[in-house]
Every structure is written in structure tokens, then in C-alpha cells.
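Asker: Curious how this folds, go ahead:
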Amino acid sequence: MFVIQRMATTTPITFSLLSNSLRFLTKPSSPFTSSLKNGFSISPKFSAKKLASFSLYTPRNGFCISSAVASPDSMETVINGDEKKLEEGSFSEVRIKLPTNESSEKLLRVRHTCAHVMAMAVQKLYPNAKVTIGPWIDNGFYYDFDMDPITDKDLKRIKKEMDRIISRNLPLVREEVSRDEAQRRIMAQNEPYKLEILDSIKEEPITIYHIGDEWWDLCAGPHVDTTGTINRRAIELESVAGAYWRGDVNRPMLQRIYGTAWENEEQLKAYLHFKAEALRRDHRRLGQELDLFSIEEDAGGGLVFWHPKGAIVRHIIEDTWKKLHIERGYSLLYTPHVAKADLWKISGHLDFYKENMFEQMNIEDELYQLRPMNCPYHILVYKRKMHSYRDFPIRVAELGTVYRYELSGSLHGLFRVRGFTQDDAHIFCLEDQIKDEIRGVLDLTEQILLQFGFHQYEVNLSTRPEKAVGSDDIWEKATLALKEALDDKGWGYEIDEGGGAFYGPKIDLKIEDALGRKWQCSTIQVDFNLPERFDIIYVDSNSEKKRPIMIHRAVLGSLERFFGVLIEHYAGDFPLWLSPIQARVLPVTDTQLEYSHEVVNKLKANGIRAEVCHGERLPKLIRTSEKQRIPLMAVVGPRELETQSVTVRSRFGGELGTMPVDDFTCRIKKAVENRGSF
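Answerer: Predicted coordinates for the structure are as follows:
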């Protein structure tokens, strides 16, 4: 067993991953306390056999997150090494803080060296293999080879050879050579890819790293001093994938071998558990198992079909989004999915974004284009009449579906698709309104994300790049307004110098899920370009024509991607208020079937999503409901029929007793209204 602990600034939360499912760290009857200051206090003693499973620290499970935190502390992994003590009702913890390449130079050196050791091992086993590049990555390393296809079974041979190289404790020696000498050595080895890499290196002299006197590669480092420094038991080769050389589909297909490397075995063990949990949460698998969505190849790759259950969740997301936007003073729009190609020429998309756009359509000798963005449409709505300075700010929002061309190899479930719906909004305002409008967007972002259980973010503020439109003065004002809005909000953030768009500075927000993974989601961008391109104006207090400031913003990013993140965040166990089916009525025999339908009809009449499931023995019906992540089950037998009641079973709380149908209904409605637990 291991525990991952996310330490927020004000709300420390502990949850456990046990047998690849999340389990509550106390008996169902054990008390736990909650406060804004101290967070949650959970009893360390519990019975493993009586654990009540739960998905996340959400209101649905009895937890209440009251505030958002923009600068979370680092993640810790806790491994329990004594399963016997666990069964007896107590356990000891060994806390392991997983380092990153940024936090541990040693780890970065280990991973970089492992890539070279792996390349050396591959060329020893497969002498005809040609090497290309081998960098370190977030959780390990990879190397690309031009060689015959290999399988996961071949990885065991390669790992054994790596172990032998490591155990020989070979030194890693840095050498500086001239470009001509490097070229001579590469040609002697017949390594064409190294020649191309050499041509791309502009610095002099050329640096080479040797492993002993047996293998070398062009490299700038850094590396460990000797291979013996690496803990071979903290390394694992993970997978093989295809990758085009330089990412170009017209270049050779290479064999990419991925590996993971850590400082010690405990870190590797924790990472592998983490990886297994991520696999358990994979939205593509859960989307099929729970019948939420599909990608129908007969219709085309990257096009999402929302099934009834997934569509219900989308409906709830959209309703929540619309309600909060209307409350915040936004006007909702619906605009076309296509437009004349000239519109995209004015916006600049045909010049700067054409490779991501579908081919144009010829309609009655005019060219039309599927929209890749919603921005030009909202500008056209703005331009329909002349505006006064008194009209500002003007806020418009749309759940607008856009279409972007993606290579088939880059498509990935709901995360990378060809058609998706953006929660797009644009604010037209005056210069002195930028700060307040940005602050309003930050407040709305927090409000929406908290609704769905996200309360920790990574925030970045990107400033003016080298090439940009707009005067220095307006860039300074806009950037200062973004900073002041973030400071007013009290959110920590990192400055990305020069990382802004050419048309204005921006704020990017990544949400953190239950496993500590970060997902790019919300973005706020100040734009000086489109108002100029579309020549949008207003009349100021002196009756002079001026150009307004335009702010682009999205909170969820896209509904498809956000839904995929939600699935993985909750592992398919949606909170009661968000669950596609909130209650399932289970008759013990067909004798209670008619009454079961009466119960369901009453629940539906009260806005509760419910259904009857029958035709199997009760234990099988319960197991099926558990697998399908149904939050509440209402068992109906002869006694319940006679007393016009139901016996309630919660997926997270076990048996909750028998109660009248009216009480059952009222409790569900109250829990949904409060975003809480039943």
C-alpha cells in the first residue's frame, strides 16, 4: 500500500491507494474532524477488511473544499511495508517525496546517463542499430533508434545488458574535439543521424561523452561520474513506440524506447504504483466501460460521440457554466460553424494557423472555412453597431464548437481531437478596466473549477515576446494589470519572460488532479491585434473614436478535454450531483418490479436521475452497480413493498438502513443541492 499526500496551503489532505483503488483511511463509524485551519484529522487505526471505498476528497464523500490554492506544495508518496499490521488495525508509514529533474540535479544526471547506457546496450545487442537522440524527460528518459522493430519482450534483454554495464562501474569521460574531428569519427562509425545532429550544433568546440573506452555520443551533459553511481534496481524500461525522425512524417520511422529512472528502489516502487493508478483512471478505458463516449472510426478519427450517460454529464457542466456566466454579466451567443474564408484572412488565421485548419469548401464559387476559433464571430457581433464608452465592459460567451486538423498519430481520446467545444468568452473593455475584468475572470474561474472539485492550480504569467504588436505603453499597462489582478487574488504565480503571445500578455492556469498531475485548462489573454485587424472602435467621452481592449478567456478550455480530466480525476466515480445515474433501484424478485418502477418514477419527478435494474440475483445486481459506479442503490424486497420504503446502500458508505421513499428522495435532493454526500 502507498499513500499520496497533497499538502495545500490551508487544507492538508491524505488519501490512500490500496489494491489500485482508493480507500478511506478509517472505519465507517470512526469520527473525523474538519476545519479550515487544520484540515482533516483521520484516525490512523482502522480495519482493512471494513474499509469503505471512496474516490476523492470531494463534498460527495463528506469532505468540503472551501477555498482554492494557486501554489500547492510538493507531492509526497507514502509506502506501507507491513501488510500484517494493516490487517491487525495499525500501520507504519515510510514517506517518500518523489523528486523531479528540477529539484534534483543528481536525478537529472542519472536519467541522462541511463539514456546513454541504454543506447550502448542496444548497440551491443543489435550492432546494426543507428542512434539518434536520447534526452531525459519528466519521469525518466528515452532514446530513438533506427533499427528493426522490437517488442516489449526485447526490453528484458536490453535491461540485462544495461545492468551489466552499470555493474562494471565504467567512467563517463567528457572530451572536446573539433568539428572536423567529430565528423571524421561519426563517418567512421557510419552514423548518419549523428552527422545531421552535428550540423545542427552551432557551438564550438564539440563535446563528446565516453562510457569507458567502448561507446561515445555527441552530448553536452550532464552525467554521473561512473555508471556504478546508478542504482540498477531503480531503473525500468517501460515501453517501445514508433517516432518519426525530427517529428516529420516524411522522415524514417524510428524505434523509441522509454525508460524510467529514480534515485532508489523506494522511489521506483512509488512511481510504479502511481503509474498503475493512472492507468486505472485512463479516461479512454473508463469511457468504454461506463458507456460515456466513443470515437467512431466509421465517422472519422478525433470526432467524439457523447453517449447518453456522458451527455448527461456534459449537460450538467454546460448548465453550471451558463448559470454562473449569466450571473457574472455575460451575454450568451450562438454562432455558425463555418464562415467565408475571407473572415479568417482578416483574422490572420490563414497566415499563421493554416496547417491546423481543414481544407476550404467551395460553395457557389465562394470559399468557406470550418471555424478553428470563435474570436472573429464575437467581433462581428460587436461590430454590428457603434458603441459608446458607457457600454463597457461588454462580455460575451459561447460554448462554440471548433474544428482543427490534427494528424491521426497525435489523436488521443478526449485530450486531442479534431472537433471540440470551447467555453469561449471575450471581453471588450477600456484600458482602465483591464485589471478589474481580469480579477473578475479569476474569480469566475475559481468558482467554476471548485464546483468540479479542482482547488489547486499552477499559474503562469507570460510577458511580451521579442516580436509583438502594440505599443510599449499598452503592453506595460496590460501586464501590470494582470500582475495586480493576480496579487489581489492572492494567487502565487511564475513569470514566463517573453512567453506571451505576439498580440498580448496572458495568464495560463493548470489544474491539478487527484494524482497531482497538472492539466492546461484556463487561459486569459489580452489582445491588441484583432481589434486592429477588424478595425473595431468606440466613441469616448470627447466623441473621439478609440479602439477597445479585447480579452480572450476560457475556463474549462474544451468540454471534451475537461470531461476527460474529470473522468481521470474521479476515476469514473463522479460526485452524486454530477453522476449520470444517481440511484438504481434493485428489486429482489420480479414481484417487487412494479413497485420499483413506481419508486423510480417518483425519483425522476423530483429531478433525480434513477433507473431500475433487475433480472439477476441481488448480489449480482449490487456488484454490477458497483462496477458501473452508481452512487446509491435502493433495494426493494417483500418488507420494503409492504412498508412502501427502500433499503439504501451507498457505494461509499455501505448499508444505510431502511427509509421511506420520501425521505430517500429528500436526502438525495439536499445532497445534490449542497454538492455534498448522501
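Asker: show me the contacts for the residue nearest the centre of the chain.
Answerer: Centroid-nearest residue in the chain, with Cα atoms, centre = their mean: W519, separated by 3.3 Å. W519 makes contact with 510-513, 561, 565, according to Cβ atoms under 8 Å, 6 or more residues apart in numbering. (Each C-beta comes from the backbone N, C-alpha and C, glycine too.)
Asker: so what's it bridging to?
Answerer: Beta-bridge partners for W519, by DSSP bridges, are I511.
Asker: which sections of the protein are below the confidence cut-off?
Answerer: Along the chain, the model assigns pLDDT under 70 to residues 1-96.
Asker: Domain-wise, how is the chain divided?
Answerer: Following the TED database, the chain resolves into domains at 105-278, 295-570, 583-674.
Asker: for the shortest one, how far is the first residue from the last?
Answerer: Length of domain 583-674, first residue to last, Cα to Cα, to the nearest Å: 17 Å.
Asker: which residues pair with the closest residue to H597 other than its chain neighbours across the strands?
Answerer: Spatial nearest neighbour of H597, excluding adjacent residues (Cβ to Cβ, 6 or more residues apart in numbering): V612 at 5.8 Å. For V612, the beta-bridge partners under DSSP bridges are V585.
Asker: Same question for the helix or strand harbouring L343: list its buried residues.
Answerer: L343 belongs to helix 341-347 when assigned by DSSP states H and E. Within helix 341-347, the residues scored as buried using 16 or more other Cβ atoms under 10 Å are 341, 343-344, 347.
Asker: Throw the residues you listed into a markdown table and include distance to R246, thanks.
Answerer: Listed next are these as a markdown table, based on distance: Cβ to Cβ, whole Å:
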| residue | distance to R246 |
| --- | --- |
| A341 | 31 |
| L343 | 34 |
| W344 | 29 |
| S347 | 30 |
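Asker: Run through the residues that contact the residue nearest to N606 when sequence neighbours are not counted.
Answerer: Leaving aside its chain neighbours, N606 sits nearest to T665 (5.1 Å; criterion: Cβ to Cβ, 6+ apart). By Cβ under 8 Å, 6+ apart, the contact set of T665 is 602-603, 606, 608.
Asker: State the three-state secondary structure for T665.
Answerer: At T665 the chain is in helix, as set by DSSP: H, G, I helix; E, B strand; the rest coil.
Asker: How much space separates it from N601?
Answerer: Note on T665: its distance to N601, by Cβ to Cβ, to the nearest Å, is 11 Å.
Asker: ok, back up a step: just the CA atoms of the helix holding L343, as PDB, please.
Answerer: Output in PDB follows, covering the C-alpha atoms of helix 341-347 (Å, rounded to 0.1, in the frame of the first residue of the first chain):
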ATOM      1  CA  ALA A 341     -12.600  32.100 -45.900                       C
ATOM      2  CA  ASP A 342     -12.100  35.900 -46.100                       C
ATOM      3  CA  LEU A 343     -13.000  36.200 -42.400                       C
ATOM      4  CA  TRP A 344     -10.100  34.000 -41.500                       C
ATOM      5  CA  LYS A 345      -7.800  36.000 -43.800                       C
ATOM      6  CA  ILE A 346      -8.700  39.200 -41.900                       C
ATOM      7  CA  SER A 347      -8.100  37.500 -38.500                       C
END
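Asker: who touches H387 in this structure?
Answerer: 394, 428, 537-539, 548.
Asker: now, which of these lie within helices?
Answerer: Counting by DSSP state H, the contacts of H387 place none of their members in helices.
Asker: For PyMOL, what selects the buried ones among these?
Answerer: Entered in PyMOL, the line below selects the buried ones among these, by 16+ other Cβ under 10 Å:
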select buried, resi 394+428+537+538+548
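Asker: Can you give me the neighbour number for S410?
Answerer: Residue crowding around S410 was assessed by other Cβ atoms under 10 Å; the count is 9.
Asker: which residue packs closest to it, ignoring adjacent ones?
Answerer: R416 (5.5 Å).
Asker: So what does that neighbour look like in phi/psi?
Answerer: As for R416, its main-chain torsions (degrees, to the nearest 10) stand at phi -140, psi 110.
Asker: burial count for it?
Answerer: Counted with other Cβ under 10 Å, R416 comes out at 17.
Asker: Tell me how far L108 lies from F141.
Answerer: Using Cβ to Cβ, L108 is found at 10 Å from F141.
Asker: Name the residue in those two with the higher neighbour count.
Answerer: F141 (26 against 19).
Asker: Hmm, the more buried one is touching A115, no?
Answerer: Yes. Between F141 and A115 a contact is recorded at 4.0 Å, counting by Cβ atoms under 8 Å.
Asker: what's the overlap in contacts for those two?
Answerer: Shared contacts of F141 and A115, defined by Cβ under 8 Å, 6+ apart, are found at 134-135, 259.
Asker: What about these, which one has the most neighbours?
Answerer: When neighbours are taken as other Cβ under 10 Å, the top entry among the shared contacts of F141 and A115 is G259 (25 neighbours).
Asker: Now do the same for it: helix, strand or coil?
Answerer: strand.
Asker: got it, and the one 4 residues further on?
Answerer: At E263, secondary structure determined by three-state DSSP is coil.
Asker: For it, give me its contacts.
Answerer: Residues in contact with E263, defined by Cβ under 8 Å, 6+ apart, are 99, 104, 106-107, 110, 231, 234.
Asker: Save the residues you listed as JSON lines, and put in distance to I158, secondary structure and neighbour count too.
Answerer: Converted to JSON lines, the contacts of E263 look like this (distance: Cβ to Cβ, whole Å; DSSP: H, G, I helix; E, B strand; the rest coil; neighbours: other Cβ atoms under 10 Å):
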{"residue": "P99", "distance to I158": "25", "secondary structure": "coil", "neighbour count": "16"}
{"residue": "S104", "distance to I158": "25", "secondary structure": "coil", "neighbour count": "15"}
{"residue": "K106", "distance to I158": "24", "secondary structure": "helix", "neighbour count": "12"}
{"residue": "L107", "distance to I158": "21", "secondary structure": "helix", "neighbour count": "21"}
{"residue": "V110", "distance to I158": "17", "secondary structure": "helix", "neighbour count": "25"}
{"residue": "N231", "distance to I158": "18", "secondary structure": "coil", "neighbour count": "16"}
{"residue": "A234", "distance to I158": "16", "secondary structure": "helix", "neighbour count": "20"}
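Asker: and which of these is nearest to K670?
Answerer: Minimum separation from K670 among these (Cβ to Cβ) is found for P99, which lies at 45.0 Å.
Asker: Find the residue closest to that closest one in space, skipping its chain neighbours.
Answerer: Excluding the flanking residues, the one nearest P99 by Cβ to Cβ, 6+ apart is L107, at 5.2 Å.
Asker: what's the answer for R157, then?
Answerer: In space, R157 is closest to L125, 6.0 Å off (Cβ to Cβ, 6+ apart).
Asker: same question, A485
Answerer: What sits nearest to A485 in space, not counting adjacent residues and going by Cβ to Cβ, 6+ apart, is I438, at 3.8 Å.
Asker: Does that neighbour fall in a helix, a strand, or a coil region?
Answerer: Of the three states, I438 takes helix under three-state DSSP.
Asker: How many neighbouring residues does it have?
Answerer: The number of residues packed near I438 is 26, by other Cβ under 10 Å.
Asker: How about the one 10 residues further on?
Answerer: Residues within reach of I448, counting by other Cβ under 10 Å, total 20.
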